[in-house]
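[1] Please work out how this folds:
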Amino acid sequence: MIVTITMNPSIDISYPLESFQLNTVNRLSNTRKTAGGKGLNVTRVLKQLNHEVIASGLLGGYVGEGIKAELNAASISHQFAEISGNTRNCIAILHEGKQTEILESGPIIQAEEVQSFLTQLDDLIPTAEVLTISGSLPQGVPEDFYVEVIKRCNDFEKPVVLDCSGKALQQVLSSPYKPCLIKPNQEELSELLGISLEDPASIKNALMNDLFTGIQWVVISLGAQGAVAKHQDTFYRVTIPKIDVENPVGSGDATVAGFAAAIAEGKDAKALLKRGNVLGMLNAQEAVTGAVNLANYQQLFDQIEVTTF
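    Predicted coordinates:
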């Protein structure tokens, strides 16, 4: 079983517009609303891969109840800790080939609500093959919270796939407790290290930083340019084919789902990188966030090139 952790979930609202006009009314007829937050996108893709998965994290209020109802309708198991605040909404405006996001920060979490989640997590960790941690921390949760979660997973020797950025990632990298895999993008890596990264060679050099010692996998996503990855002492360049993009929202989360599935399945390095990247591309080809058409899986899988460099 794979456990997904989403500490700051949301209802994701997508507004597709031919053009976006400021300071006036924009009308549309095709609004999409889905149970979101990065970890729930991971969850849906894992469900489509027929992996046993359980979604966990924090939920509250009428928005939280709506998320639970959607997960129930999709036959997705979940075990969330209840919070007193109302779970947030996040809006993505898709216009003229661009994506403008409006993200609510979410409710302020109380200390006892954090502890309630950790108590539930302690019951889930021993049953998990892999755990994924995705997204930002809500207000009230300590910056080093993911360190505590990873420590508990390390105690049971359970691999963790971590997808976060900023101070939460910095706290993890500075701690003695390590995830199995992290997946920052090029911009996030540049911000983390305070340097400009222009090409795969500069990214490879950056990944030699002692900050990444002890992490089996560091995968740097480059969008349409594929990825650069470090697995222990080996570096990989992932080249992906050009595709027609319908909706890029959630593609990174689909990639995380692929990595988690590959770890659970005991795949080798190249298969892991291909599995993650092909699912990211499949998500980008769909209008619905966290959805993949597996009928196209093998065709794209065979076009991905993974080489050492």
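
[2] Just list whatever residues bridge to residue 55.
    Taking DSSP bridges as the rule, residue 55 bridges to residue 4, residue 78.

[3] should've said residue 10
    Residues in a beta bridge with residue 10, per DSSP bridges, are residue 36, residue 88.

[4] residue contacts, it?
    36-37, 63, 87-90, 103-104, 106 (Cβ atoms under 8 Å, 6 or more residues apart in numbering). Backbone N, C-alpha and C define where each C-beta goes, glycine included.

[5] can you check residue 145 too?
    Contacts of residue 145 (Cβ under 8 Å, 6+ apart): 7, 114, 137, 168.

[6] same deal with residue 40?
    Here residue 40 is in contact with 4, 6, 9, 55, 67, 71, 290 (Cβ under 8 Å, 6+ apart).

[7] hang on, isn't the third one packed against residue 42?
    No. Using Cβ atoms under 8 Å, residue 9 and residue 42 do not qualify as a contacting pair, with a distance of 11.4 Å.

[8] The stretch 1-150 of the chain: strands as residue ranges?
    All strands of the stretch 1-150 of the chain, identified by DSSP state E, counting those that start in this stretch, fall at 2-6, 10-17, 32-36, 53-59, 77-82, 88-95, 98-103, 130-134.

[9] What are the boundaries of the helices in this structure?
    Remark: helices assigned in the chain by DSSP state H are 38-48, 61-73, 111-124, 145-155, 166-173, 186-193, 200-206, 251-265, 269-284, 297-303.

[10] Residue 243 is nearest to which of those?
    When those are compared by Cβ to Cβ, helix 269-284 sits nearest residue 243, at 5.4 Å.

[11] helices and strands around that closest one, which ones?
    When contacts are defined as 3 or more Cβ pairs under 8 Å, 6 or more residues apart in numbering; DSSP states H and E, helix 269-284 packs onto helix 38-48, strand 217-221, strand 227-231, strand 234-239, helix 251-265, helix 297-303, strand 305-308.

[12] Residue 224 contacts residue 244, correct?
    No. Using Cβ under 8 Å, residue 224 is not in contact with residue 244, being 11.5 Å away.

[13] Which of these two has more residues huddled nearby?
    residue 224 (12 against 6; other Cβ atoms under 10 Å).

[14] my read: residue 107 touches residue 83, true?
    Yes. Contact criterion Cβ under 8 Å: residue 107 and residue 83 qualify, at 6.3 Å.
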